[in-house]
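Asks: Predicted structure and sequence below. I'll ask about it afterward.
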Amino acid sequence: MPNFKTLDDLGEITGKVALVRVDLNLPMLGGSATDVTRVEAAKPTVLELCERGAKVLLLAHFGRPKGQRHSTMSTSFVQGDVEEVFGKEIMFIPEVTGPVVEQSIGILGNGDIGLLDNVRFWPGEEANDPEFAKGIAAYGDFYINDAFSAAHRAHATTEGLAHILPAYAGRAMERELAALDAALGNPEQPVAAVVGGAKVSSKLAVLENLVGKVQHLIIGGGMANTFLAARGVDVGKSLCEHDLTATANAIMDKADHAGCTVHLPYDVTVAKEFAANPSSVRTCNVHEVADDEMILDVGPQAVEALGDVLKTCRTLVWNGPMGAFEMEPFDSATVALARIAAALTQDGSLISVAGGGDTVAALNHAGVADDFTYISTAGGAFLEWMEGKELPGVAALRV
């Protein structure tokens, strides 16, 4: 595991000011958050610092104000949700630097929390301006990054501060990095990766990175159609990037040379229209798809075979659904394979790590989100990690 300092490396912190980068970019409806998962993730770090007597200042962004103040994008909108999850009152501070911040720190007692305003109200945040970072750092004794979901951004509060103050990974960040290291850094082999989703074009870098790292690459979703077409299968009206068949063949060749088996479906669920429970739905061999049909899910025989593959593996990385899971009956393959992976994880024979927005939704839909070893709520950061990229916010924490 790469070397990071964590909260365990902090000495006596009573009365010291902790600048903590968290992710409070919550989905909102009617003035309150519809999902507080990101607040729940930050809770262990923040409450531990409070219990140890630090004054905690929360740094976060909310929306995309592009370097200007927007009345509807103040972090004050999420203050109530954060207070409810943390079970503590929080002081809202409408600045990130200057006398208002200094006065607020003077008012805060040991173990209290202040929430600074949206860091993206200032252009220095996204520009990673060293002077802006220094301005914020002036009020803190140490910096903690607990926002893996923003770690793929080289911004002042995700990367810049780590070069100015003593920097540590928060508990959520620590868990995420340990899980990702177990999945692709130093995994127990054999390793399987499930990669689904609509388009090959959005996951090209992921696929190219994975074929050199895993023993089994399971391709589902719309992107499987492009790979089938590359293999000469007529996919009818299916969603398919015909212009990328040469790329798909190149990925399969690269996999061959790397000793990675690419698994494509050999039976599929098709329909003439994309609608819930259409009358035309049927399961057939991939070579029997009619011109007026579209492939909308992986078939049951393929799922059974893929389940057998997972039983031979020790590690699984999952990103993207197997089919159009939002609509029955095209959720069958995703649900069935997810339940097999969950059962193997619960048996202790598989380490399973999943991430990405659609993936989390699909695993919740299958009722197995709690049964995987680790589920990352990060979208872009998780994808960039699967692409093998160094994440600036993580790199800055290395000792």
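Replies: Sure thing, it's come through.

Asks: can you list the residues that contact the helix or strand containing Glu176?
Replies: Using DSSP states H and E, Glu176 sits in helix 171-180. Under the criterion Cβ atoms under 8 Å, 6 or more residues apart in numbering, residues 1-2, 4, 6-7, 41-42, 44-45, 48, 145-148, 151, 169, 353, 373-374, 376, 378, 385, 394, 397 lie in contact with helix 171-180. C-beta here means a position set from N, CA and C on the backbone, and glycine is covered the same way.

Asks: out of the residues you listed, which are inside helices?
Replies: Members of these lying in helices (criterion: DSSP state H): Ala41, Ala42, Pro44, Thr45, Glu48, Trp385, Val394.

Asks: any idea of the mean pLDDT for the helix holding Glu176?
Replies: Taken as a whole, helix 171-180 carries a mean pLDDT of 93.

Asks: Show me what the helix or strand following it is packed against.
Replies: Where DSSP H and E defines the elements, the next helix or strand beyond helix 171-180 is strand 191-195. Counting contacts by 3 or more Cβ pairs under 8 Å, 6 or more residues apart in numbering; DSSP states H and E, strand 191-195 packs against helix 204-210, strand 216-219, strand 315-319.

Asks: Of the ones you listed, which is nearest Glu273?
Replies: Judged by Cβ to Cβ, the one of these that comes nearest to Glu273 is strand 216-219, at 24.3 Å.

Asks: Starting from Gln215, give me the distance back to Glu384.
Replies: Using Cβ to Cβ, to the nearest Å, one obtains 23 Å as the distance from Glu384 to Gln215.

Asks: Now mean pLDDT too, for the helices and strands packed on strand 191-195, in JSON lines please.
Replies: Formatted as JSON lines, the helices and strands packed on strand 191-195 follow (pLDDT from 0 to 100):
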{"stretch": "helix 204-210", "mean pLDDT": "94"}
{"stretch": "strand 216-219", "mean pLDDT": "98"}
{"stretch": "strand 315-319", "mean pLDDT": "97"}
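
Asks: between these, which gets nearest to Val298?
Replies: Of all these, strand 216-219 sits nearest to Val298, with 9.2 Å by Cβ to Cβ.

Asks: Tell me which residues of the helix or strand hosting Val270 come out buried.
Replies: Using DSSP H and E, Val270 sits within strand 267-271. Using 16 or more other Cβ atoms under 10 Å as the test for burial, strand 267-271 gives Asp267, Val268, Thr269, Val270, Ala271.

Asks: Specify the beta-bridge partners of the second one.
Replies: When bridges are called by DSSP bridges, Val268 pairs up with Cys284, Val298.

Asks: So what's the gap between the strand holding Val270 and the chain middle?
Replies: 29 Å (Cα atoms, centre = their mean, to the nearest Å).

Asks: what mean pLDDT would you report for it?
Replies: Strand 267-271 shows a mean pLDDT of 97.

Asks: Give me the helices and strands touching it, please.
Replies: strand 282-285, strand 294-298, helix 300-311.

Asks: which of those is buried the deepest?
Replies: Sort the helices and strands packed on strand 267-271 by mean neighbour count, taking mean count of other Cβ atoms under 10 Å, and strand 294-298 sits at the top with a mean of 28.

Asks: Show me what that one is packed against.
Replies: Using 3+ Cβ pairs under 8 Å, 6+ apart, strand 294-298 sits against helix 221-230, strand 267-271, helix 332-347.
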